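A.B. asks: Sequence first, then the predicted structure, then my questions.
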Amino acid sequence: MKTELTTRQVFSYVFRDATPRKTLVICLGGTLACAVLLALFEPRASRDLPFLWALFHWAAHLAGGLGVLIAVYLTAQRAGLSDRWRVTLAVAALPFGVAFLSVGIETLIAAAIGEPQFRADGYWEELQHVALPAISLTSVALLAVFKAVEMAFARQSEILSRFAKKPSLRTMFPELPAALGEDLVSASANDHYVHLRTTEGSAMLSRRFSDCVEQLSAFDGVQVHRSHWVHLAHVSHVRTNGSSYLCSMLDGTEIPVSRRKYADLKLSLQHFTKIARRDTI
């Protein structure tokens, strides 16, 4: 899967505004929706089953397959493998896990409805049935998601950079002294105040940090921590700091980056740099 995005960046982008509970609901809802479609199309594997059992059949397979992908991916991550190898191993291992699950699911359904003709196949026979569709469909789905996120993010960045008229900093924050200019560097929460820093100096504003971050969405910046926002044009590089990260700014200051926001920052920097390079040509 040749792409500049990592799985973590894609997941972070897709679920960037979702809480863990909302993420779980979205995943379960998507799984159920796909199961309903499969049950309605009546493929050979569930054609002779009652609709509700066919729905259970596909929902269990999809949920189990997703669990196998996540488990193998996380195991490969702990082993220190690169993102590409994690995805490759997860997809390659998928048929072996799904075949095992499929035998169990079909055995359960056959026992529940009392129909011997729904007897489950043996493991190796089931593996032959699921190997090709599991690998091919999962690969196509992952590639489609990666490309969709890449295109969406690139389009969004291009539209904002080319057509969005950036407002004046003092228009958004009238209390900001004129001497501080318009070149914003960062914003940080400080108790009930917000510390805005420009290339000319800094000021403390009596505002909620969350409101400031929302207003600053018109600028080329990103929230890197629950208490910090940075302008991408002033970011020098990002470095590790033990188990966390630090964002080094061009003026020499360093701003903490949370692990949850790290993927967003790296992705934003990649696209900001690409657009800035294209605009200078």
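C.D. replies: On my side now, so go ahead. Numbers count the residues shown, from 1 in each chain.

A.B. asks: okay, CA-based contacts and neighbour counts for the rest of this
C.D. replies: Noted.

A.B. asks: For residue 261, which non-adjacent residue is closest in space?
C.D. replies: Nearest residue to residue 261 in three dimensions, chain neighbours excluded: residue 224, at 5.3 Å (CA to CA, 6 or more residues apart in numbering).

A.B. asks: my bad, should have said residue 105
C.D. replies: Nearest to residue 105 is residue 57, by CA to CA, 6+ apart, at 6.8 Å.

A.B. asks: Against residue 108, how distant is residue 127?
C.D. replies: Taking CA to CA, to the nearest Å as the measure, residue 127 falls 18 Å from residue 108.

A.B. asks: So between those two, which is more surrounded?
C.D. replies: residue 127 (20 against 16; other CA atoms under 10 Å).

A.B. asks: helix/strand/coil for the more buried one?
C.D. replies: On the three-state scheme (DSSP: H, G, I helix; E, B strand; the rest coil), residue 127 is labelled helix.

A.B. asks: what are the pairing partners of the helix or strand that contains the residue nearest to residue 261, and which direction each?
C.D. replies: Secondary structure from DSSP states H and E places residue 224 in strand 221-225. Pairing partners of strand 221-225, with direction, according to DSSP bridges: strand 228-231 (antiparallel).

A.B. asks: The helix or strand following the partner strand - contacts with which helices or strands?
C.D. replies: Counting by DSSP H and E, the next helix or strand C-terminal to strand 228-231 is strand 235-241. With contacts taken as 3 or more CA pairs under 8 Å, 6 or more residues apart in numbering; DSSP states H and E, strand 235-241 sits against strand 244-249.

A.B. asks: how about the strand it packs on: buried residues?
C.D. replies: Burial within strand 244-249, assessed by neighbour count using 16 or more other CA atoms under 10 Å, is assigned to 245-249.

A.B. asks: do stretch 261-278 as well
C.D. replies: So stretch 261-278, judged by 16+ other CA under 10 Å, has buried residues 261-269, 271-272, 275.

A.B. asks: least confident pick among the residues you listed?
C.D. replies: Looking at the buried residues of stretch 261-278 by pLDDT, the weakest one is residue 275, with 63.

A.B. asks: Could you list the low-pLDDT ranges of the stretch 1-150 of the chain?
C.D. replies: In the predicted model, the stretch 1-150 of the chain carries pLDDT under 70 at residues 1-5, 13-14, 16-18, 115-121.

A.B. asks: and with 90 instead?
C.D. replies: For the stretch 1-150 of the chain, the stretches with pLDDT under 90 are 1-32, 34-35, 37-51, 53-54, 57-58, 61, 77-78, 80-85, 87, 98-150.

A.B. asks: Which residue ranges of it form helices?
C.D. replies: 7-14, 20-41, 51-78, 83-113, 123-163 (DSSP state H, counting those that start in this stretch).

A.B. asks: Just give the nearest non-adjacent residue to residue 249, would you?
C.D. replies: Leaving aside its sequence neighbours, residue 249 sits nearest to residue 235 (CA to CA, 6+ apart; 4.5 Å).

A.B. asks: what's the answer for residue 69, then?
C.D. replies: Residue 69's closest residue in space is residue 90 (CA to CA, 6+ apart), at 5.0 Å.

A.B. asks: The one you found against residue 75, yeah?
C.D. replies: No: using CA atoms under 8 Å, residue 90 is not in contact with residue 75; the gap is 9.3 Å.

A.B. asks: hang on, isn't residue 189 packed against residue 203?
C.D. replies: No: with contact defined as CA under 8 Å, residue 189 and residue 203 do not form a contacting pair (11.9 Å).

A.B. asks: okay, now the domains of the protein?
C.D. replies: Using automatic domain parsing, the domain parsing of the chain gives 7-162, 169-280.
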